[in-house]
Each structure stands twice: as structure tokens, then as C-alpha cells.
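Student: Any chance you can model this:
(one chain, ligands or ions: 1)
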Amino acid sequence: MIIDAHSHILGLAADPEFTIEYGREGSLCIYRSMGMLPSHRMPTEEEWEASGFTRKGWPVIGPKESVRDHPGFDKIVVLAISPQWLDGRLIGTVDTTGDLGVDAPMHPDLCNDYIAAVVDTDPDRFIGFASVNPLYRGPDAAVVELERAVVELGLSGVKLYPMYQHWAANDRDVAFPVYAKAQELGIPVMIHQAGSTRIDAKLELGRPALLDDVGRVFRDLRVIIAHCGLPWVDEALFLLTKHPNFYAELSYLIASITRRDLFLLLSKCEPMFVPLEKLFFGTDYPGFLYDPVGLMGKLTTVNEEAEACGLPPIPRTKVDGLAGDNFARTLGILGATSKR
Ligand SMILES: [Zn+2]
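Tutor: Predicted structure coming up:
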């Protein structure tokens, strides 16, 4: 089974101009590293246009576009982004087109309703993860919303963004009520416990090690570390060694390393006591450079690096596991055997 364990959809704010600015900010480091934008100051509008990141033709990504860009994938996990205030503006997943048919004025408060509506367009393909921000209206309101998103809307997990929303993943008052509810509901928690190049994101709150308290207290909670903790990849992997119910997905990381480095990373997991069964393929589509087909190709051909590295190839079943079976098993979609 082929699964993208991490993707997004739609807009981030009612104002499409903001979504463009947000996309530009997120892509700035990539363009700079390619020498397409100045590295020592903010680019001018002309420089942005010349780089190809034009204001014209910014694509709206809905379920149709996601399926189109995921040929060959059995399942696509689509993650909500919960409401948060950023520079005085409320952002979060919204349906700027109204195409999803959520019958209410557009608002990030409805982020989970939009994701449920995406799942409704193709329930065999999409797996929807809710999102809540315990600082938005307080932990109690977040817990109520999470229960609604799972019980009423039928979403399959929850995605959390502590370092963007400025709360600590190990905060007993703010964060633990959300984990307790997720554990009670029996859903996995995917958490952006990793870095971000966004200027407002707080790196110190991104450290994977903050999740150690979560694993110690919530022994039955399945925790998926997004982006394999990039740039603290070894720290994230160590948590997978320690905590039986911890997993990690490879989005963003897999886009930022060569196939050779991916092979070396996967090869070192078992010697450092991390079962490869705990890792999932993901893309962070529709982010820039996060082409699902290209990234999956990097994974499925990874053993072409084995000879040059002087290391044994990764067994085919384990590569298949990374491509989707591991995630499916974690979510209970697959039994003991794969469809493939
Ligand atoms: Zn993401």
C-alpha cells in the first residue's frame, strides 16, 4: 500500500494574498540555497517574480488537485491546521473556494469541518486528521473540539503545531488534556516536533525531546513525530527507540536530503535500535519541492545507492513498509498482511 502520511490542502487564510506571502516565506530558504534569491536581505517584488514565485496563477489545492498530484497512491493523509493568531491575523485551514460545501461562512474555526469534507469527496483515498490549538480558546475548548472532530466528523487522528502556536509539547496544563482525550478516543497524535524556517516559529519548542514526558505519561498514546524531527533527526529516532508507541514520518526531511543520504539514514536505523517499521513516508504536499511522485521515487529506488555505499540493500518488504504499510498498520487499516 502506498500512503502519503503528511499532506495539506486549501488555503491558510481568507485572504489569498496572505497565503501567497506565507508560501513565499516558507520557500525563501529554498530559493536562497539555490542562488535564485539574495541570501543577505529580503527579496524585492521584482526578484520574487524573476524567481518564478509569481503572484499570478497561485494554485488552489483541493481534493481534486491532491488526487491528481498523487498518482499511484492508495491513501493520502490530509492534515488540518488549527486556528492561530499570527501578526494580528487569524490563520488556519479554510476553503477559499467554497467548493467543499461546508455550509457556514469561511472561518479557520471550521478547519476540521473542511478536512472532513475533503475526506467525504473520496473516503477510500483520504484519511483526515483534525487539528486543535489549546492556546486558541483554552485546553478545555480544544478537547471539546477534538471530540467533535473525531466522534461527529469521523476524523482519524489529530495534528498538533506547538512550535508555531507557542506552547510546549510537554506542558501539563496546556497540552496534556489534548493527549488524554486523544488516548481516550484511541486516535494517533501527529505532532510538528521539528524545526521551521518561519520567522515567528519558536525553535526551542520544536525539540523532539519535549515529547519524552508525553511518552512517559501516556503509555497507550500513539505519537507520530512529523518530519522525523528535522533538524534533530537523531533525537527523534532515539525517542522511537525508547517509546514503544512512537513513530516518525519523513516528510520535509526526505525532500531536503539526497537519495544517498536517505539510504544512509535508513541503513543506520536498525543498528541504532530503531525498527524501520516505525517510519512512514510523507511529503508535506503541496509545499514547494514536495512532489509526491518524485519523493516516492527517491524512496523506492533507494537501494540503487547500496553498492556505492558498500552496504547491504534494505530488504524490499521494509521499503514497502516505509512506503505505506507501516502507516496503514499503525492506523489499523491493514491487518498482518499487505494488499500489495
Ligand atoms: Zn505539513
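
Student: from here on, contacts and neighbour counts on C-alpha atoms
Tutor: OK.

Student: following the longest helix anywhere in the chain, which helix or strand comes up?
Tutor: Of all the elements of type helix in the chain, the one with the most residues (DSSP state H) is helix 16-33. Remark: after helix 16-33, the chain's next helix or strand is helix 45-51, criterion DSSP states H and E.

Student: Name the residues of that next one that are buried.
Tutor: Within helix 45-51, the residues that count as buried by 16 or more other C-alpha atoms under 10 Å are residue 48.

Student: For that helix, which outside residues touch it?
Tutor: Applying C-alpha atoms under 8 Å, 6 or more residues apart in numbering, the contact partners of helix 45-51 are 31, 36, 37, 54, 55.

Student: what sits up against the longest helix of the chain?
Tutor: Counting by C-alpha under 8 Å, 6+ apart, helix 16-33 makes contact with 11-13, 37-39, 51, 53, 55, 58, 96, 197-198, 287-288, all of which sit outside it.

Student: Filter these down to the buried ones.
Tutor: 11, 12, 13, 37, 53, 96.

Student: May I ask you to confirm that the last one is in contact with residue 61?
Tutor: No - here residue 96 does not reach residue 61: they are 9.9 Å apart, not a contact under C-alpha atoms under 8 Å.

Student: residues shared between the contacts of these two?
Tutor: Taking C-alpha under 8 Å, 6+ apart as the criterion, residue 96 and residue 61 both touch 10, 11.

Student: The stretch 51-200 of the chain: helices as residue ranges?
Tutor: Counting by DSSP state H, counting those that start in this stretch, the stretch 51-200 of the chain has helices at residues 63-68, 111-121, 139-147, 162-165, 176-185.

Student: Columns distance to residue 191, mean neighbour count and mean pLDDT on top of those, output as a markdown table?
Tutor: As requested, these are arranged in a markdown table below (distance: least, C-alpha to C-alpha, whole Å; neighbours: other C-alpha atoms under 10 Å; pLDDT from 0 to 100):
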| stretch | distance to residue 191 | mean neighbour count | mean pLDDT |
| --- | --- | --- | --- |
| helix 63-68 | 22 | 16 | 95 |
| helix 111-121 | 16 | 24 | 97 |
| helix 139-147 | 14 | 19 | 98 |
| helix 162-165 | 8 | 22 | 98 |
| helix 176-185 | 11 | 19 | 98 |
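
Student: what's the closest of the ones you listed to residue 297?
Tutor: Smallest distance to residue 297 across those (C-alpha to C-alpha): 16.7 Å, for helix 63-68.

Student: Over to the closest residue to residue 241 other than its chain neighbours. Which of the three states is it?
Tutor: With sequence-adjacent residues excluded and distances taken as C-alpha to C-alpha, 6 or more residues apart in numbering, residue 241 is closest to residue 274, at 5.2 Å. For residue 274, the secondary-structure state derived from DSSP: H, G, I helix; E, B strand; the rest coil is coil.
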